[in-house]
Structures are given as structure tokens and as C-alpha cells.
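Would you be able to build a 3D model of this:
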Amino acid sequence: MPFLPLVSIIIVNYKKKNPYLKECLEAIQKQTYHHFEIILVSDYRVNLKYPKLRQKYFGHYVGPAEKRDIGARMAKGEILAFIDDDAFPDPNWLKNLVPHFRKLKIAGVGGPGVTPPGVGWQEAASGWASASPMGSGAYTYRFLPAQKIYIDDYPSMNLAIRKSDFVKVGGYDSNFWPGEDTKICLDLTHKLQKKIIYDPRVLVYHHRRPLWKSHLVQNGNFGLHRGFFAHILPETSLKPIYFAPSLLVLGLCYLLFFTVLAQPPFSYLHFFGRLGLILYFLCLIYNSFWIINKSKNLFQGFISIPVILITHLWYGLRFLQGFLFTDKLTR
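Alright, predicted model coming up:
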């Protein structure tokens, strides 16, 4: 028998006028899998009408985790497909994610959020900073299609969850933002002992925060919450890669202090610190050529060096704040 579960596409929105939201809804209408409904949960009423669209609005700000929980309660589908209001799906998005849910061990499916083609240079630079090896390390698959793997942590910009499993873990934790997706993925994979699969064909196009302010605010918030999660949710967040930007910050502070103001107490530490910094910048240069090769854009390769350096420093500072000095984070 054909496997045709109803999919509830849940979008959270914040603005009355959001050009990306219309782009998202238009792309959903072009899905090759047709058994779906759309639930839009907004702070304010949005004057858009599309087939299969239901809307819930509040007249005031409501956090994204709470919005997703409300959307899930409204949903009639067996599968909850979460997508951000600044993303839009590939036509085969639903067609490619639905078959995974034939297997009961699969609780969730994620896919890449690729920077849309044709965006401005500031948004493209933000996107390449995330999609490159020096920007995201082993997590570039979140931003560019890669091989199919099992994962234990994935952002809600492109994440589908079996509704029965969503209910079992109590949905999203509205105390955290960003980071509510980390918490629910941990619950699905550790509490329920189920799997989340990453499939590169489950693709959406996700707009980036342009340089500089909004890009740094977003990445600083990611660092703050990841640092906090590193000591309260070590199963998924206590990983060396998340500490690397903070080590860069501490290393630079050490080198600057003992180069300008004092003699280094341990000469070998100073030597290895300088060597590490040289290697870091060599990696940034190599990464810039990687971006040039992928993007076919010389400027994007060169601008990536300061973009990634500044992003790492800000993320690292905020990670330390979350890890060492923050007892509780709320939305």
C-alpha cells in the first residue's frame, strides 16, 4: 500500500510584512507531495491566503518554541515538518522526507538549509561563513548537501518530527531560544532511544542574516546558548569543536598580554601559541580558496577571512559567558 501520511507544515512568523514568508508559501504550493496542510503561527495576523493554510495569531510577541508547540497542537498530521519563515523548500522536500517515517525507529528527519542563489553579497558572505569548513567544522552538512547520516542535534529551520514522538517528549522547551531544537533532539535520541536522519535531498533554501550586526547578534546568541548547554546538556553539546572559538579568544588574549605588557612565564607556551595562531590563519587562507572554488567568486573567498575571524571571536566570547557565568537562560 502507498505510504501517504498527512504532513503538517508548521511555520513561525514574527512580522506583518515579511517578503520571505510569501516566498516560503509559494514554494510549498509547488510540492510534488500533495498530502499536507500548512499551519502559520504568528505574532500578528498576516493577510495572505493560500490553499490548505490555517493561521493562529496572538496580537503580541510569543517565543518560537511556544509557537511551534501551539502549531503542533493544531496539527492534524502524523508528521510535523518545521520550517523557518525565512526559508523555502525544494519542490521534492516533502516527497523525500516522508518515506523515512515508514521506519518506527526514525523520530525525525533533517536536511540542508542552503543559502538561496542570487542574494546580496552581505547575505552570501554570511552564508559561506557558515557553509565552509572553517566556519562550521564538521557541521557544513547543515548548510550544503552532504552524505546521509544519523544525527543527534539539528536546527528547526528544516526538521520534521513524528507527531507521536513529539508528544511523548513534551514538545519544545520554551525556556530556551535559540537552542530549543537542541533540547528536543536530545530528548528524541536519548530519552526515546530513536533516530534522527539527515538526508541531503530534504532540502530547503534558507536566507542568512547579512553582515555585520544581525550576523554577529545571531552567532553570538548561538555561542551563548551552546556554552550553557555544554554544562547542562553534555550529551550533545560538550564537544571539542564548540570550545575551539573560545580557545582562539583565550590564546589571543594570552599572546597579546605577554607580548605587549609582560614577559611570558613559559616560553614554550608562547611558542606554541604563536604557532597555533599561524596555523589558524593558514587554515583561513586555505578556507578562502575552498570558498572561491565552490562559489566561483573571488570576493567571497577574500571577505571570508575577516568574517570568519570576527565571528569566531564573538562566538567564543559568548560561549565562555554561557559556559562559565550563566546559570539560566530564558527566551
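
Break the chain down into its domains, please.
7-209, 231-325 (automatic domain parsing).

Tell me the helix or strand right after the strand or helix carrying residue 166.
For residue 166, the enclosing helix or strand under DSSP states H and E is helix 163-168. Once the chain leaves helix 163-168, the next helix or strand it forms, by DSSP H and E, is helix 180-186.

which phi and psi does the closest residue to residue 116 other than its chain neighbours have?
Spatially, and ignoring its direct neighbours in sequence, residue 116 is nearest to residue 205 (4.2 Å; CB to CB, 6 or more residues apart in numbering). Using the backbone N, CA and C atoms, a C-beta is placed for each residue, glycine as well. Taking degrees, to the nearest 10, you get phi -100, psi 120 for the backbone angles of residue 205.

in this protein, which helix has the most residues?
helix 267-295 (DSSP state H).

how far is that one from where the chain is centred?
Chain-centre distance of helix 267-295: 25 Å, with CA atoms, centre = their mean, to the nearest Å.

Name all residues that make contact with the residue nearest to residue 116.
Neighbouring residues of residue 205 by CB atoms under 8 Å, 6 or more residues apart in numbering: 87-90, 113-116.

can you tell me how far the residue most central in space within the chain sits from residue 204?
Closest residue to the average C-alpha location of the chain: residue 155 at 4.1 Å, with CA atoms, centre = their mean. Going from residue 155 to residue 204 by CB to CB, to the nearest Å gives 11 Å.

Just confirm residue 200 contacts residue 109, I think it does.
No - at 11.4 Å, residue 200 does not count as touching residue 109 under the criterion of CB atoms under 8 Å.

of the two, who's got more company?
Using other CB atoms under 10 Å, the more surrounded residue of residue 200 and residue 109 is residue 109, with 26 against 16.

Please, where are all the strands along this protein?
7-13, 36-42, 53-57, 79-84, 87-89, 106-110, 113-114, 149-151, 158-162, 195-198, 204-206 (DSSP state E).

So which of the ones you listed is nearest residue 136?
strand 113-114 (11.7 Å; CB to CB).

Name every strand pairing with that closest one and say which way it goes.
Paired neighbours of strand 113-114 in the sheet (DSSP bridges): strand 204-206 (parallel).

how far is the strand it pairs with from where the chain is centred?
Relative to where its chain is centred, strand 204-206 has its mean C-alpha point 11 Å off (CA atoms, centre = their mean).

for stretch 233-252, same thing?
On CA atoms, centre = their mean, the centre of stretch 233-252 falls 17 Å from that of its chain.

Make JSON lines out of the strands of the chain and add distance to residue 216.
JSON lines is the format used below for the strands of the chain (distance: least, CB to CB, whole Å):
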{"stretch": "strand 7-13", "distance to residue 216": "23"}
{"stretch": "strand 36-42", "distance to residue 216": "27"}
{"stretch": "strand 53-57", "distance to residue 216": "30"}
{"stretch": "strand 79-84", "distance to residue 216": "19"}
{"stretch": "strand 87-89", "distance to residue 216": "21"}
{"stretch": "strand 106-110", "distance to residue 216": "25"}
{"stretch": "strand 113-114", "distance to residue 216": "19"}
{"stretch": "strand 149-151", "distance to residue 216": "26"}
{"stretch": "strand 158-162", "distance to residue 216": "23"}
{"stretch": "strand 195-198", "distance to residue 216": "27"}
{"stretch": "strand 204-206", "distance to residue 216": "18"}
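
Let me have the ones you listed in TSV, extended by distance to residue 237 and mean pLDDT.
Putting the strands of the chain into TSV (distance: least, CB to CB, whole Å; pLDDT from 0 to 100) gives the following:
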stretch	distance to residue 237	mean pLDDT
strand 7-13	23	95
strand 36-42	27	95
strand 53-57	31	92
strand 79-84	20	96
strand 87-89	24	97
strand 106-110	17	97
strand 113-114	20	97
strand 149-151	14	95
strand 158-162	17	97
strand 195-198	16	97
strand 204-206	22	97
